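*Asks:* Would you be able to build a 3D model of this:
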Amino acid sequence: MGYISEIRKFIGNRPIISVGATILVINEKKEVLFQHRSDTLDWGLPGGSMELRETLEEVASRELKEETGLEAKSFELIGVFSGPKYYFRYPNGDETYSVINLYRAIDVSGQLEMNDGESINLKYFGKDNLPVNLEKRAKALIDALGDAFWELDSTF
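*Replies:* Sure, this is the predicted structure:
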């Protein structure tokens, strides 16, 4: 059981602040990897919440492997994002204000695999063909970075 699940036993669905890592995996075509989420049925970026005793880079590495089957040699911090735009209410009623540490995965290897049940599909999308049902926090990150989101270097 994870840290957030333990907290939820005591506070239920009330809003919490969750710190985590979100990972940009960019292919040679400058497309970004998105996951079709099984909990919300929309498309988001791979990532998740920090567990006790983890560094943010360890969170990025763990979540990337769990959610996509991929590994990265290192991660570059793009920025830290927080505030009302990163509030999220899950289908089960859990509320969170996310503090998102956005990383770019560097020197990515492995095969795309859905290992943890959190994804329905994994797919790369370009700037001009984003899915219609984009998860709210992913959209907020894209909006916050503007064109810079699509101008980051390839990781392969």
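*Asks:* which helices and strands sit right next to the lengthiest helix in the chain?
*Replies:* The single longest helix within the chain, with elements called by DSSP state H, is helix 56-68. Packing partners of helix 56-68 (3 or more Cβ pairs under 8 Å, 6 or more residues apart in numbering; DSSP states H and E): strand 16-24, strand 32-37, strand 47-49, strand 71-81, strand 95-109, strand 119-125. Every residue, glycine included, has its C-beta placed from N, CA and C.
*Asks:* Relative to residue 135, which of the ones you listed is closest?
*Replies:* The closest of these to residue 135 is strand 32-37. By Cβ to Cβ, the value is 6.6 Å.
*Asks:* Helix 56-68 and that closest one, what's the angle between them?
*Replies:* Going by axes from the mean of the first three to the mean of the last three Cα atoms, to 10 degrees, strand 32-37 is angled at 60 degrees with respect to helix 56-68.
*Asks:* Quick one: distance of strand 32-37 to the chain centre.
*Replies:* 9 Å (Cα atoms, centre = their mean, to the nearest Å).
*Asks:* That strand vs strand 16-24, what angle?
*Replies:* Going by the same axes, to 10 degrees, strand 32-37 makes 130 degrees with strand 16-24.
*Asks:* So which residues make contact with strand 32-37?
*Replies:* 24-27, 42-46, 67-68, 70, 112, 118-126, 131, 135, 138, 149-150 (Cβ atoms under 8 Å, 6 or more residues apart in numbering).
*Asks:* re earlier: which other residues reach the longest helix of the chain?
*Replies:* 19-21, 23, 25, 33, 35, 46-51, 54, 70-72, 74-75, 77, 101, 103, 105, 110, 112-116, 118-119, 122.
*Asks:* Weed out the non-buried ones from the contacts of strand 32-37.
*Replies:* 24-26, 42-46, 67-68, 70, 118-119, 122, 124, 135, 138, 149 (16 or more other Cβ atoms under 10 Å).
*Asks:* ok, the closest residue in space to residue 90 that isn't next to it in sequence to residue 7 distance?
*Replies:* Residue nearest to residue 90 in three dimensions, not counting chain neighbours: residue 39, with 6.4 Å by Cβ to Cβ, 6 or more residues apart in numbering. Distance of residue 39 to residue 7, given as Cβ to Cβ, to the nearest Å: 18 Å.
*Asks:* Likewise for residue 40?
*Replies:* 20 Å.
*Asks:* likewise residue 119?
*Replies:* 24 Å.
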